[in-house]
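**Q** Got a predicted structure here, sequence first:
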Amino acid sequence: MDAFEGKMKELLPVSKEVRWEACDRAKGACICPSCPSYSICAQGNGEALFCILGMSFRCIRKDRGCTCPQCPVYLELGLSKKDYCMKGSEKDQRWEKGLL
C-alpha cells in the first residue's frame, strides 16, 4: 500500500463532515489557481483541488502545462498522476488505469 492508499483508508471510517474538513484544509495548500491551465472560468466557479475532487467539468479544456507535481498537497498525499483538472482525481485515474 502506498501513501495515497493509506491516507484514503484513514478517511474511510470517518464522517463525511470530517472528510470535507480535510478537503478544506488541503484547499489552503492547493496551487491549482497558479497553474497555467487554470482559467478565469475555473476561478469564477471556485474550482480547485482537482486531485481529490475531480476534473473541471466545463472550465478547463486546454493543456497549458501542469504544476501538480510541485503542489504541497501532491507531496503530502503521495500522489502519482497529474493533469487532474482534465483527467480526473488520483482515485479516478488509478481506477481507470486498473480497467485497461
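**A** Noted; the coordinates are in hand.
**Q** show me what contacts the nearest residue to Pro72 once chain neighbours are set aside?
**A** Spatially, and ignoring its direct neighbours in sequence, Pro72 is nearest to Ala29 (4.3 Å; Cβ to Cβ, 6 or more residues apart in numbering). (Each C-beta comes from the backbone N, C-alpha and C, glycine too.) Contact partners of Ala29, counting by Cβ atoms under 8 Å, 6 or more residues apart in numbering, are 71-73, 76.
**Q** most surrounded residue in the residues you listed?
**A** Highest neighbour count within these: Cys71, with 23 neighbours (other Cβ atoms under 10 Å).
**Q** Would you quantify the distance from the residue nearest to Phe4 when sequence neighbours are not counted to Cys51?
**A** Spatial nearest neighbour of Phe4, chain neighbours left out: Gly78 (4.6 Å); criterion: Cβ to Cβ, 6+ apart. Separation of Gly78 from Cys51 (Cβ to Cβ, to the nearest Å): 11 Å.
**Q** Settle it for me: which of the two has more neighbours?
**A** Cys51 (27 against 13).
**Q** Show me which residues of the longest helix along the chain are buried.
**A** Assignment by DSSP state H gives helix 16-29 as the longest helix of the chain. Neighbour counts over helix 16-29 (16 or more other Cβ atoms under 10 Å) mark Ala26 as buried.
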